[in-house]
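Peer 1: coords please:
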Amino acid sequence: MSGETTPAPAAALTPRQIITAMSGLVVAMLLAQLDNMIVAPALPTIVGDLGGLNHLSWVVTGYILASAVATPVWGKLGDLFGHKFTFMCSIVLFLVGSALCGLAQDMTQLVLFRAFQGLGAGGLLVGIMSVLGILVPPRERGKYMGVMMAVMPVSMIGGPLVGGFITDHFSWRWNFYVNLPLGGIALFVIWSTLHLTNEAKRTEKVVIDWWGISVLTTWIVALVLA
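Peer 2: The predicted structure is shown next:
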């Protein structure tokens with residue numbers, strides 16, 4: 001992918017504006033980190049409901065594989081089309097994938113929908129880091145990065161507990177549906193409060209390197225399956 005960019009003038013945000021926008025980023029980080037943790041306790045129940053024990057590992061592997069392939073692509077798309085726009089697109093893709101996973105009727109569908117969900121998840125983390133880099137001055141990034149990273153241990157500890165509770169008291173499908181209100185909140189906050197006036201502006205026609213994406217995908221798939 002190629003396309004020249006020129007930086008637009010930066011505009012300082014007040015601490016209150018940054019904190020408000022950060023709340024949306026924190027929820028998005030929670031989505032990115034929580035999903036695999038919350039699904040893991042539900043896997044035995046999913047097999048009992050949908051069957052397909054031989055393909056169970058792909059519920060996790062397909063998600064991780066798609067996310068790994070999509071992450072660098074989302075980063076470049078953000079440079080070309082704007083990080084706020086691509087970040088919001090990745091959230092929408094993730095939420096659509098979550099809804100489809102909850103509606104899956106067999107293991108094959110679930111694996112495919114998890115891969116689709118992973119394509120969106122690949123843009124969540126890179127989008128958060130890209131937006132944070134634009135939103136916060138360099139000297140203050142450490143503080144805000146610490147807040148974002150604090151979400152990771154919370155999701156690792158709380159995810160299995162929440163996933164087990166949802167599976168036992170509701171349905172394994174709600175482990176996916178629970179992403180919808182959280183993602184909706186993140187999407188609204190980011191859309192309404194995140195104003196990246198200092199994002200780069202494209203000055204040339206965008207050319208997407210489909211060949212490079214294909215090679216990257218093949219290499220990552222081969223590495224995972226090796």
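Peer 1: leaving out sequence neighbours, find the closest residue to V189.
Peer 2: The shortest distance from V189 to any non-neighbouring residue, by C-beta to C-beta, 6 or more residues apart in numbering, is to G24 (3.2 Å). Any C-beta I mention is one placed from the backbone N, CA and C, and that applies to glycine too.
Peer 1: okay, and that neighbour sits in which element?
Peer 2: If you go by DSSP states H and E, G24 is part of helix 15-39.
Peer 1: quick check: next helix or strand after that helix?
Peer 2: Under the assignment DSSP H and E, the closest C-terminal helix or strand after helix 15-39 is helix 43-50.
Peer 1: what's the angle between the helix or strand following that following helix and helix 43-50?
Peer 2: Past helix 43-50, heading to the C-terminal end, the next element that is a helix or strand (DSSP H and E) is helix 57-81. Angular relation of helix 57-81 and helix 43-50 on a 0 to 180 degree scale: 100 degrees, by axes from the mean of the first three to the mean of the last three C-alpha atoms, to 10 degrees.
Peer 1: helices or strands next to the next helix or strand after helix 57-81 in the packing?
Peer 2: The C-terminal neighbour of helix 57-81 among helices and strands, as given by DSSP H and E, is helix 83-103. When contacts are defined as 3 or more C-beta pairs under 8 Å, 6 or more residues apart in numbering; DSSP states H and E, helix 83-103 packs onto helix 15-39, helix 57-81, helix 107-135, helix 174-177, helix 179-193.
Peer 1: wait, what's in contact with A21?
Peer 2: When contacts are counted by C-beta atoms under 8 Å, 6 or more residues apart in numbering, A21 touches L13, L135, V189, I190, T193, L194.
Peer 1: follow-up on the earlier one: what residues sit buried inside the helix holding G24?
Peer 2: Buried residues in helix 15-39, counted by 16 or more other C-beta atoms under 10 Å: 18, 21-22, 24-39.
Peer 1: also stretch 179-190?
Peer 2: Using 16+ other C-beta under 10 Å as the test for burial, stretch 179-190 gives N179, L182, G183, A186, L187, V189, I190.
Peer 1: surely the third one touches S90?
Peer 2: No. Under the criterion of C-beta atoms under 8 Å, G183 lies out of contact with S90, with a separation of 10.3 Å.
Peer 1: separation between L216 and F116?
Peer 2: 18 Å (C-beta to C-beta, to the nearest Å).
Peer 1: and if you look at Y177?
Peer 2: In this structure, Y177 and F116 are separated by 16 Å, where distance is defined by C-beta to C-beta.
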